[in-house]
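Engineer: Below are the sequence and a predicted model; questions follow.
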Amino acid sequence: MSISETVQLTQQLVRIRSENPTGTEKECAAFIKRWLESIDGIDVEVQTVERDRENIIVRYKAAERSSLPPLVILAHMDTVPIEGDWTYDPLGAAIIDGKMYGRGACDMKSGLACALSALKEVVTKKIATKRDVYVIVTVDEEGPYMKGAIALVDGGYIKEDALLLATEPTNLTVATVHKGTIWYELLVEGRSAHGGNAHLGADAVHAASEIITRVKDKVARLPYDHAIFGKPAISVGTISGGHKTNMVAGSCRVELDFRLVPPMTKEEANRIVQEAAQEGCRVVDGTSVQINHYGHERPPLETEENSVLIEMIKAAFFEVEGKDIEVSGFPAYTDASMIALKTGNRNVAVFGPGHLNEAHAVDEFVEIEQIDRCKDVLVKLMQK
């Protein structure tokens, strides 16, 4: 079976281990830097974020000096760890029945390959662009602090008026709204005691369960019902407490994942968690709770109305596909939305191959025909 250069590049990227937080993007970055050496007519800059972790900034200048906002396409190298019992080699990038399997195939080495291949096609064919085009390859998108995106803002690499596009998996729809994400660490303190004298203790696990029950009830009663995302949700990511069966638990640690929908604010989310924590501890005398944020507070984010970027994507998609693109939402944050949050820029979108349901999953895959279609759309987009 003959496969395209973009699909081959995706295979090469999937076969490079770049798990986060159990590894780094070092080998993947080295491969991409070598791959870029064969392309004349681009500027490449490397930004060190941490040891063995580099952002790669690739620029293709407009044919003539342009005052138009640059198009910035962002794609990350890191993947979540390889876990579970896979049917296919998670680093094999095997193609079976039109699907490529492997860790990162969907999220998002296929999107990364599309961005790089589209830029290569535009440059090697000497296609003139109306604006500067950037492809920026980042680290740590899967981490709670998204250090690669933050470093780009802090380093002044992103212009305030840039058009920001992440090629994350959207099933070739265009996402114009991001669901908010706030992670909480709850440290519940009580008082240990012998199980035979439980009345002398203060059960921290009991208090934690009261907090969880209350916070879930409060979130369920919120009035929001977004047209794309539906209702907000909160889930317990991890919980651990106590030391021994015959001891009253003196401490308990809980991690909560709060997903916010527009028009919720981070202040409202924080208030809900704080109220639930106080109420839960009041039920169990002698307990208290400390609330910490785990990672950045990321409120919902919507693309500005009449966005130039969205109109460009719609036009490019129609030229390639002969039909209108479907508008969707992205239920998490991307490098593009984190940069938008930090800068106030609302010309931001997500468009890429693969379905997000496959991201982070065992036997993760991407349909290879979507890879080629995405690359073709990006080539057109770069000319807008």
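Structural biologist: Happy to help now that I have it. In this text the structure is predicted, and so the values were computed from the model without any measurement.
Engineer: Low-confidence stretches in this structure?
Structural biologist: For the chain, the stretches with pLDDT under 70 are 1.
Engineer: can you map out the helices along it?
Structural biologist: Listed in chain order, the helices of the chain (DSSP state H) span 5-14, 26-36, 110-124, 147-154, 204-220, 266-283, 308-321, 335-343, 368-381.
Engineer: The ones you listed: which one's closest to residue 96?
Structural biologist: Of all the helices of the chain, helix 368-381 sits nearest to residue 96, with 10.2 Å by CB to CB. All C-beta spots, glycine's among them, are computed from the backbone N, C-alpha and C.
Engineer: okay, the helices of the chain in JSON lines with mean neighbour count and distance to residue 184 next?
Structural biologist: JSON lines is the format used below for the helices of the chain (neighbours: other CB atoms under 10 Å; distance: least, CB to CB, whole Å):
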{"stretch": "helix 5-14", "mean neighbour count": "22", "distance to residue 184": "33"}
{"stretch": "helix 26-36", "mean neighbour count": "17", "distance to residue 184": "31"}
{"stretch": "helix 110-124", "mean neighbour count": "25", "distance to residue 184": "30"}
{"stretch": "helix 147-154", "mean neighbour count": "21", "distance to residue 184": "20"}
{"stretch": "helix 204-220", "mean neighbour count": "20", "distance to residue 184": "9"}
{"stretch": "helix 266-283", "mean neighbour count": "17", "distance to residue 184": "6"}
{"stretch": "helix 308-321", "mean neighbour count": "18", "distance to residue 184": "32"}
{"stretch": "helix 335-343", "mean neighbour count": "25", "distance to residue 184": "18"}
{"stretch": "helix 368-381", "mean neighbour count": "23", "distance to residue 184": "35"}
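Engineer: would you turn those into JSON lines with distance to residue 47?
Structural biologist: Formatted as JSON lines, these follow (distance: least, CB to CB, whole Å):
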{"stretch": "helix 5-14", "distance to residue 47": "20"}
{"stretch": "helix 26-36", "distance to residue 47": "11"}
{"stretch": "helix 110-124", "distance to residue 47": "17"}
{"stretch": "helix 147-154", "distance to residue 47": "6"}
{"stretch": "helix 204-220", "distance to residue 47": "38"}
{"stretch": "helix 266-283", "distance to residue 47": "28"}
{"stretch": "helix 308-321", "distance to residue 47": "23"}
{"stretch": "helix 335-343", "distance to residue 47": "13"}
{"stretch": "helix 368-381", "distance to residue 47": "23"}
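Engineer: Select, out of those, the one closest to residue 42.
Structural biologist: So among the helices of the chain, helix 110-124 is nearest, using CB to CB, at 5.8 Å.
Engineer: and that closest one, what does it pack onto?
Structural biologist: If contacts are counted by 3 or more CB pairs under 8 Å, 6 or more residues apart in numbering; DSSP states H and E, helix 110-124 sits against helix 5-14, helix 26-36, strand 53-60, strand 71-76, strand 133-138, helix 368-381.
Engineer: now do 10 Å
Structural biologist: Here helix 110-124 touches helix 5-14, helix 26-36, strand 53-60, strand 71-76, strand 133-138, strand 163-166, strand 365-367, helix 368-381, going by 3 or more CB pairs under 10 Å, 6 or more residues apart in numbering; DSSP states H and E.
Engineer: Export those as JSON lines, with columns for distance to residue 179.
Structural biologist: Shown next, in JSON lines, are these (distance: least, CB to CB, whole Å):
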{"stretch": "helix 5-14", "distance to residue 179": "27"}
{"stretch": "helix 26-36", "distance to residue 179": "27"}
{"stretch": "strand 53-60", "distance to residue 179": "25"}
{"stretch": "strand 71-76", "distance to residue 179": "18"}
{"stretch": "strand 133-138", "distance to residue 179": "20"}
{"stretch": "strand 163-166", "distance to residue 179": "14"}
{"stretch": "strand 365-367", "distance to residue 179": "22"}
{"stretch": "helix 368-381", "distance to residue 179": "22"}
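Engineer: out of the ones you listed, which comes closest to residue 340?
Structural biologist: Residue 340 lies closest to strand 163-166 among the helices and strands packed on helix 110-124, at 6.0 Å (CB to CB).
Engineer: Partner strands of the closest one, with direction?
Structural biologist: If you go by DSSP bridges, strand 163-166 pairs up with strand 71-76 (parallel), strand 348-350 (parallel).
Engineer: okay, the angle between the longest one and helix 368-381?
Structural biologist: Orientation check (axes from the mean of the first three to the mean of the last three CA atoms, to 10 degrees): strand 71-76 against helix 368-381 gives 150 degrees.
Engineer: give the contact list for residue 125.
Structural biologist: residue 379 (CB atoms under 10 Å, 6 or more residues apart in numbering).
Engineer: At the geometric centre of the protein, which residue do we find?
Structural biologist: When CA atoms, centre = their mean is applied to the chain, the residue found nearest the centroid is residue 334 (3.7 Å).
Engineer: now it: how far from residue 257?
Structural biologist: Distance of residue 334 to residue 257, given as CB to CB, to the nearest Å: 17 Å.
Engineer: related to what we said a few turns ago, tell me how far the closest residue to the residue nearest to the centre of the chain other than its chain neighbours lies from residue 307.
Structural biologist: Take residue 334 and drop its neighbours on the chain: the residue closest to it by CB to CB, 6 or more residues apart in numbering is residue 166, 3.8 Å away. Distance of residue 166 to residue 307, given as CB to CB: 14 Å.
Engineer: Look at those two and report which has more neighbours.
Structural biologist: Taking other CB atoms under 10 Å, residue 166 and residue 307 do not tie; residue 166 has more neighbours (31 against 18).
Engineer: what sits against that one?
Structural biologist: Residue 166 neighbours (CB under 10 Å, 6+ apart): 72-76, 108, 111, 115, 138, 141, 149, 175, 178, 330, 333-339, 348-352.
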